[in-house]
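[1] Turn this into a structure:
(2 chains)
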Amino acid sequence: MSRDARPNRVLVSLMSLGLLTWLGLDALSVAPNRLVQGTPLSPVEALGWMVTLLGAMFMACVVWLAWRPSSARLWTALGLVTGLLVAMPLWLSGAVVAVLDPDMPQARVGIGPGLWVLLFLWLLVLVELRIRLRLRRVWVWSLLLFVIAIWGMALSQWLTPLALVQEYQARSEQFLEAVLYHLALVGAAVGASLLIGLGMALAMRRFDGLRRLGFGVLNSLQTIPSLALFGLLLAPLAWLGNQVQWLGALGVSGIGWAPAWLALVAYSLLPMVRNTYVALEGVDPGVIESARGMGMSPVQVFFQVRLPLALPVMLEGIRITTVQAIGLTAVAALIGAGGLGTFIFQGLGQAAMDLVLLGALPIIAMALVADALLGALAERMRRREAA
Amino acid sequence: MSEVAIQGSEGGNRRSRWRFIVPLIWLAALLMLAVGMTTLEPLFRLLEPDLRQVIYVRESFLVLLGQHVLMVAVAALLATCVGVGAAVAVTRAAGRDFMPMVAQLASIGQTFPPVAVLALAVPVLGFGTVPVIVALVLYGLLPIVRNTLAGLQGVSAEVLEAARGMGMTPRQVLLQVELPLAAPVILAGIRTSVTINVATAALGATVGASNLGDPIISGIVNGNTPYIIQGAVMIGLLALAVDSLFERLQPRVPGQASDGQAANG
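    Here you go, the predicted model:
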């Protein structure tokens, strides 16, 4: 990027907002135990003026760099923002030691609105810098992994009085179980809908009437809110579980994995069928023709030519379905399906906000990672196909 | 070009006076059920003979329905104003710097599950109706911003050139050319947003907002299946009514970007 005299207004405004947040909003809250509302603390009250000013200077520095952006200056800004993202857990570690009274082992520290807003703003700065510097996605991900590693280290080593960490430690085994269960349920639903979706898409290509009917039904299914669908499945499945011995023995009942899985499959079918159908239809007929001309049997044509060529678009369907299922599985916790949603609804019930976070943050992380991985995979396949 | 589009939609209006019949049927069913739920008591009694109470009575279904619709409508109105406003702002010369970031934010944000957004609103804003509406607005913004951007960017440069050549002011170009041409795509975004919000608002019952999610949550907690069915049928009907209404409002757009994102919460 050549030297550009115009200020990068996005960076300037984001970082100015960050500066105001840092100086104006409360960064921490300290509570003597789990149930009592914490007292808010500003950064100055937590670690004093010197450290606060240091942080402010870093941010002001980014504003200054963005005022007359050049390639070198933006790279420096990238370094500074990464530094800030890494410095936050370290600052937090110091602050936790400084504000906690060693005589009160029950006391816990909550992350205040100021730090959440700062984190959000800095990540936006990262997004903007990625666009302006035309960074490859791999680079951004390695950068984020580095930041996450530092956060992980700080959280496990020094941040034990943090309320979020304490909620985790109180149920670390349950947490791992919930994550695995969540993933298993998502995987089972996406896998089943992939198979059914492929079958339906194939049938729809053959029968036109089925196509219209199928898309109509799936479309209206998709509009039914998840909570309602879970509820509607509850009664018939409870009845089935009671009436049919072996289904009941399998664990089919009105609550639990069965209605959750069924509803997840139902929701997954529309994006899956739509993308599979479009993918299979979109394969260049000339390619199919020449494959036939080479003497391939219809089965060979399908498995060796049509399916591989349709794969990138099908992957798009799998991506949408997976991201959607990760969120819906959280709702399924309401009907006793388990998974990370359990923490969210338990936390809401007990007004324990850090327990809510313990459920919500991993769900968001899972959705983002699944989106990024499957998106990157599809992009890669498409590029290889184009080459 | 805009003339053509306007005439086209008028033609669509004249085409069938019956086109609102389907949403009206859904709506009638919904209202009838809301008013006459108690008359169905024998039916629910058949399902659960042993329960003391088989009709949800803590609040009338009409009130719950009204609160649900109000919540979604307020959120949709706010999200549409802010979302369309933001997308228009970043497509003008003055705000163009912010465009890539807003576009990225709208696409990354849609990866967030609506439940998670709702859950995160509570620690910041507390329990009750207001946090739910805030969460609905925040989440509902994303598809509207994304579609408005897509719609405005889809207006061809020649059309804009022609409009300017006719001596239209930038304001006139926006209001008389760009927005009308982008309207179908924007409407599709609002539809996605409202569909998600009808579902997410129901979840709001877990954080203290009173609406059609209430009977379901209460039924799950107390093991009362009829409550769950009553709430679920009402929400399902509402979702279908709203969706079919949007379907009728929306002119068919050839080659329109399908809303590929999660449409449910």
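
[2] Residue nearest the middle of chain B, spatially speaking?
    Central residue check for chain B by Cα atoms, centre = their mean: the C-alpha nearest the mean position is that of B:Val194, 0.7 Å away.

[3] That one falls within a strand, correct?
    No. Using DSSP: H, G, I helix; E, B strand; the rest coil, the secondary structure at B:Val194 is helix, not a strand.

[4] So it is in contact with B:Val72, correct?
    Yes. Under the criterion of Cβ atoms under 8 Å, B:Val194 makes contact with B:Val72 at 6.4 Å. All C-beta atoms are positioned from the backbone trio N, CA, C, and that covers glycine.

[5] Touching both of the two, which residues are there?
    Shared contacts of B:Val194 and B:Val72, defined by Cβ atoms under 8 Å, 6 or more residues apart in numbering or on different chains, are found at B:Val242.

[6] can you tell me the helix or strand for whichever residue of the stretch 51-200 of chain A sits closest to chain B?
    Nearest residue of the stretch 51-200 of chain A to chain B: A:Ile131, at 4.5 Å (Cβ to the nearest Cβ). Using DSSP states H and E, A:Ile131 sits in helix A:113-133.

[7] Return the list of helices and strands in contact with the lowest-mean-pLDDT helix or strand in chain A.
    When each helix and strand of chain A is scored by mean pLDDT, DSSP states H and E, helix A:245-250 comes last, with a mean of 71. Helices and strands touching helix A:245-250, by 3 or more Cβ pairs under 8 Å, 6 or more residues apart in numbering or on different chains; DSSP states H and E, are helix A:226-243.

[8] Next, the residue of chain B positioned farthest from its centre: secondary structure please.
    The outermost residue of chain B relative to its centre, with distances by Cα atoms, centre = their mean, is B:Asp50 at 39.0 Å. The three-state label given to B:Asp50 by three-state DSSP is coil.

[9] measure it to chain A for me?
    B:Asp50 sits 14 Å away from chain A, going by Cβ to the nearest Cβ, to the nearest Å.

[10] So which residues on the stretch 251-387 of chain A come close to chain B?
    Residues of the stretch 251-387 of chain A lying close to chain B by Cβ under 8 Å from any Cβ of the partner chain are A:254-255, A:267, A:271, A:274, A:316, A:320, A:323-324, A:326-328, A:330-331, A:334-335, A:341, A:344-345, A:347-348, A:351, A:353, A:356-357, A:359-360, A:363-364, A:367-368, A:371.

[11] Now, those that are in helices?
    Under the assignment DSSP state H, these contribute A:267, A:271, A:274, A:316, A:320, A:323-324, A:326-328, A:330-331, A:341, A:344-345, A:347-348, A:353, A:356-357, A:359-360, A:363-364, A:367-368, A:371 to helices.

[12] Helix or strand for the closest residue to B:Thr91 other than its chain neighbours, just tell me which one.
    Among residues not flanking B:Thr91 along the chain, B:Leu152 sits closest, at 4.9 Å (Cβ to Cβ, 6 or more residues apart in numbering or on different chains). Assigned by DSSP H and E, B:Leu152 falls within helix B:129-153.

[13] buried residues in that helix?
    Residues of helix B:129-153 classed as buried under the neighbour-count rule (16 or more other Cβ atoms under 10 Å in any protein chain shown) are B:129, B:131-152.

[14] related to what we said a few turns ago, neighbouring contacts of the helix holding A:Ile131?
    Outside helix A:113-133, the residues touching it (Cβ under 8 Å, 6+ apart) are A:1, A:8, A:10-11, A:14-15, A:17-18, A:21-22, A:24-28, A:42-43, A:62, A:69, A:71, A:74-75, A:77-78, A:81, A:84-85, A:88, A:92, A:135, A:140, A:143-144, B:100-101, B:104-105, B:108, B:124.

[15] Centre of the chain to it, how far?
    Mean-position distance between helix A:113-133 and its chain equals 17 Å (Cα atoms, centre = their mean, to the nearest Å).

[16] Likewise for stretch B:178-185?
    18 Å.

[17] Near whatever residue of the stretch 201-350 of chain A ends up closest to chain B, how many other residues are there?
    Here the stretch 201-350 of chain A gets closest to chain B at one residue, A:Gly327, 2.5 Å apart by Cβ to the nearest Cβ. For A:Gly327, the count of nearby residues is 26 (other Cβ atoms under 10 Å in any protein chain shown).

[18] go on, the one 4 residues further on?
    Taking other Cβ under 10 Å as the criterion, the count of residues near A:Val331 is 31.

[19] Repeat that for A:Asp284.
    A:Asp284: 11 surrounding residues under other Cβ under 10 Å.

[20] Spatially nearest residue to it, not counting backbone neighbours?
    Nearest residue to A:Asp284, sequence neighbours excluded (Cβ to Cβ, 6+ apart): A:Leu309, at 7.6 Å.

[21] From the contact counts, what lies against the helix or strand containing the one you found?
    Element membership of A:Leu309, judged by DSSP H and E, is helix A:307-332. Other helices and strands packing on helix A:307-332, by 3+ Cβ pairs under 8 Å, 6+ apart, are helix A:172-206, helix A:226-243, helix A:257-281, helix A:341-350, helix A:353-386, helix B:114-125.

[22] Report the angle between it and helix A:341-350.
    Interaxial angle of helix A:307-332 relative to helix A:341-350 (axes from the mean of the first three to the mean of the last three Cα atoms, to 10 degrees): 20 degrees.

[23] Now do the buried residues in helix A:307-332.
    For helix A:307-332, the neighbour count (16+ other Cβ under 10 Å) marks A:307, A:309-332 as buried.

[24] Off-centre distance for it?
    With Cα atoms, centre = their mean as the basis, helix A:307-332 stands 13 Å off its chain's centre.

[25] returning to what we had before: could the helices and strands packed on helix A:307-332 be laid out in a markdown table, adding mean pLDDT, mean neighbour count and distance to B:Val35?
    Shown next, in a markdown table, are those (pLDDT from 0 to 100; neighbours: other Cβ atoms under 10 Å in any protein chain shown; distance: least, Cβ to Cβ, whole Å):
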| stretch | mean pLDDT | mean neighbour count | distance to B:Val35 |
| --- | --- | --- | --- |
| helix A:172-206 | 91 | 17 | 37 |
| helix A:226-243 | 80 | 21 | 20 |
| helix A:257-281 | 88 | 23 | 29 |
| helix A:341-350 | 87 | 22 | 32 |
| helix A:353-386 | 87 | 18 | 37 |
| helix B:114-125 | 82 | 24 | 30 |
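
[26] now the ones you listed as TSV including distance to B:Ile55?
    Below are those laid out as TSV (distance: least, Cβ to Cβ, whole Å):
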stretch	distance to B:Ile55
helix A:172-206	33
helix A:226-243	15
helix A:257-281	23
helix A:341-350	25
helix A:353-386	32
helix B:114-125	28
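
[27] For B:Ala157, which of those is the nearest?
    Evaluated with Cβ to Cβ, those place helix A:353-386 nearest to B:Ala157, the distance being 27.0 Å.

[28] Could you tell me how far that closest one lies from the centre of the chain?
    Using Cα atoms, centre = their mean, the offset of helix A:353-386 from its chain centre is 5 Å.

[29] Just the angle for that helix relative to helix B:114-125, thanks.
    Helix A:353-386 and helix B:114-125 meet at an angle of 140 degrees, taking the same axes, to 10 degrees as the criterion.

[30] by contact count, what packs against helix A:353-386?
    Using 3+ Cβ pairs under 8 Å, 6+ apart, helix A:353-386 sits against helix A:137-157, helix A:163-170, helix A:172-206, helix A:307-332, helix A:341-350, helix B:114-125.

[31] try it again with 10 Å
    In terms of contacts (3 or more Cβ pairs under 10 Å, 6 or more residues apart in numbering or on different chains; DSSP states H and E), helix A:353-386 is packed against strand A:108-111, helix A:137-157, helix A:163-170, helix A:172-206, helix A:307-332, helix A:341-350, helix B:99-109, helix B:114-125.

[32] unless I'm mixing things up, B:Met37 is touching B:Leu62, no?
    Yes. The pair B:Met37 / B:Leu62 is scored as a contact, 9.3 Å apart, by Cβ atoms under 10 Å.
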